[in-house]
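Peer 1: Predicted model follows, preceded by the sequence.
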Amino acid sequence: MSAKGKPPAKSAGRDVVPKKPPAPKLAELRERVDGIDRSIQELIAERARFASQIGQAKGPLAAAIDYYRPEREAQVLRRVVDRNEGPLEGEVLVRVFREIMSACLAQQEPLKIGFLGPAGTHSEQAAYKHFGHSILGLPLGSIEEVFGEVESGAADFGVVPVENSTQGTIQSTLDTFLGTDVKICGEVELRVHQHLLSRSGRFEDIERVYSHPQSFAQCKAWLRQHLPDAEKIPLASNAEAARRARNADDAAAIAGLSAASVYGLKSVAGPIEDRPDNTTRFLVLGRELFPASGNDRTSLLIFIKDQPGALFQVLAPFARHGLSMNRIESRPGHGGRWQYAFFVDVGGHIEQEAMRLALAEVDEFAEQVRVLGSYPVAIV
Ligand SMILES: O=C(O)C(=O)C[C@]1(C(=O)O)C=C[C@@H](O)C=C1
């Protein structure tokens, strides 16, 4: 660079060093934080008192489930995301507000939430993500049992996995809808990280690996590369796999880190899922539908007539009414050979005029249409 392009030389001296404000002392900063904490605590208490009053305003209701309003919770959380200007991530703030609402609701009575147990499964994590920790968690033995406990009223709501971004649909969840009246009243998306867990934490000891078939599938390439000769033993859940792995030094489990802490295992390797964006979508099961939240999805079960163009005719109304279809999945129906049931997800709520008109047209061409649910789109 020529001398001309250089910034003018400054004489070294005390006056050219920028003046910094004196660093506030640790104690002063902590005093500020203490003051903020006091204010936050007062506000949380005030919020809880108002939430109680809202509960009373709903009239004399029988149980916690009668106070629960998923559409209102979705609106509150969306506003938290919209207002956020950092430095914390929207997802973090949603977690905090979710817990506050969970505690406010539990002032009446905690909700009873069934999920695929035992403790430490991703389903349990999804249940806490959606309902917060002020719930009574009911770990159950199978997806069918979660449906059953919701249907019988033993659980207020249930949480079941329905699809994974790497592995696709969990068929048993869809099939269970065919024989039940249970409704969908929410969805949860969970980033799923898989770890190889064992009692000793020594990779060289591992001869057997336990896991749920879905988790094996999510880690297929990793297993092929690192443990091609180990025996792979499928089980009903990852947490069950972790429970078994704690009894032998030559066994490992593929599960989430929460299972490691529940069952006292060490992480040998992880995350080991083949795709870094590995996400599972869960459905929240209940017994009734709730009003629109403003950003909703409707899940339908459509049985079509066995005639040319039938599928086209039942799907065209959604496009005609400007509704976008996010997903379609066909499963053999229970009505006989070659009868198919279509699981269709459409953007919008059944309270919306466009959805009402579209569904009336679908009804004309379909053998049967069931609204499985109309519920808020997952927040974060
Ligand atoms: O707004 C309500 O209906 C409430 O009961 C309050 C509140 C909340 O804490 O904001 C609590 C529980 C409901 O599920 C929804 C919201």
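Peer 2: Great, that's in hand. Numbers count the residues shown, from 1 in each chain.

Peer 1: Only the buried residues of the top helix by length along the chain, if you could.
Peer 2: Counting by DSSP state H, the longest helix found in the chain is helix 26-57. Buried residues in helix 26-57, defined by neighbour count with 16 or more other Cβ atoms under 10 Å: Ala48, Ala51, Gly55. Every residue, glycine included, has its C-beta placed from N, CA and C.

Peer 1: for the chain, what spans make up the helices?
Peer 2: Counting by DSSP H, the helices of the chain are 26-57, 70-83, 90-106, 122-131, 143-152, 171-177, 213-218, 220-226, 238-245, 257-263, 310-320, 353-365.

Peer 1: and of the ones you listed, who's closest to Leu197?
Peer 2: helix 257-263 (4.9 Å; Cβ to Cβ).

Peer 1: Quick one: residues contacting Arg208.
Peer 2: By Cβ atoms under 8 Å, 6 or more residues apart in numbering, the contact list for Arg208 reads Ala230, Glu231, Ile233, Ala248, Asp250, Ala251, Ala252.

Peer 1: and it, bridged to which residues?
Peer 2: Following DSSP bridges, Arg208 is listed with bridge partners Glu231, Ala251.

Peer 1: Please apply the same query to Tyr375.
Peer 2: In beta-bridge terms (that is, DSSP bridges), Tyr375 pairs with Arg297.

Peer 1: What about it, how many residues nearby?
Peer 2: Neighbour count of Tyr375, defined by other Cβ atoms under 10 Å: 26.

Peer 1: cool, and the one 3 residues further on?
Peer 2: Residue neighbour count, defined by other Cβ under 10 Å, stands at 18 for Ala378.

Peer 1: Got the phi and psi for it?
Peer 2: phi -50, psi 140 (degrees, to the nearest 10).

Peer 1: Look up how far Arg287 lies from it.
Peer 2: 21 Å (Cβ to Cβ, to the nearest Å).

Peer 1: hang on, the earlier thing: any chance of the contacts of Arg208 in CSV with pLDDT and neighbour count as columns?
Peer 2: Below are these laid out as CSV (pLDDT from 0 to 100; neighbours: other Cβ atoms under 10 Å):
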residue, pLDDT, neighbour count
Ala230, 96, 16
Glu231, 97, 12
Ile233, 97, 14
Ala248, 91, 15
Asp250, 94, 15
Ala251, 96, 22
Ala252, 97, 33
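
Peer 1: and which of those is nearest Arg356?
Peer 2: Closest to Arg356, out of all of the contacts of Arg208 and judged by Cβ to Cβ, is Ile233, at 49.8 Å.

Peer 1: hang on, the closest one packs against Val209?
Peer 2: Yes - Ile233 lies in contact with Val209 (Cβ atoms under 8 Å); the separation is 6.9 Å.

Peer 1: my guess is Cys104 contacts Ala51, does it?
Peer 2: Yes - in this structure, Cys104 is within contact of Ala51 by Cβ under 8 Å, at 3.7 Å.

Peer 1: from the chain's centre, how far out does stretch 207-227 sit?
Peer 2: 23 Å (Cα atoms, centre = their mean, to the nearest Å).

Peer 1: That'll do, ta.
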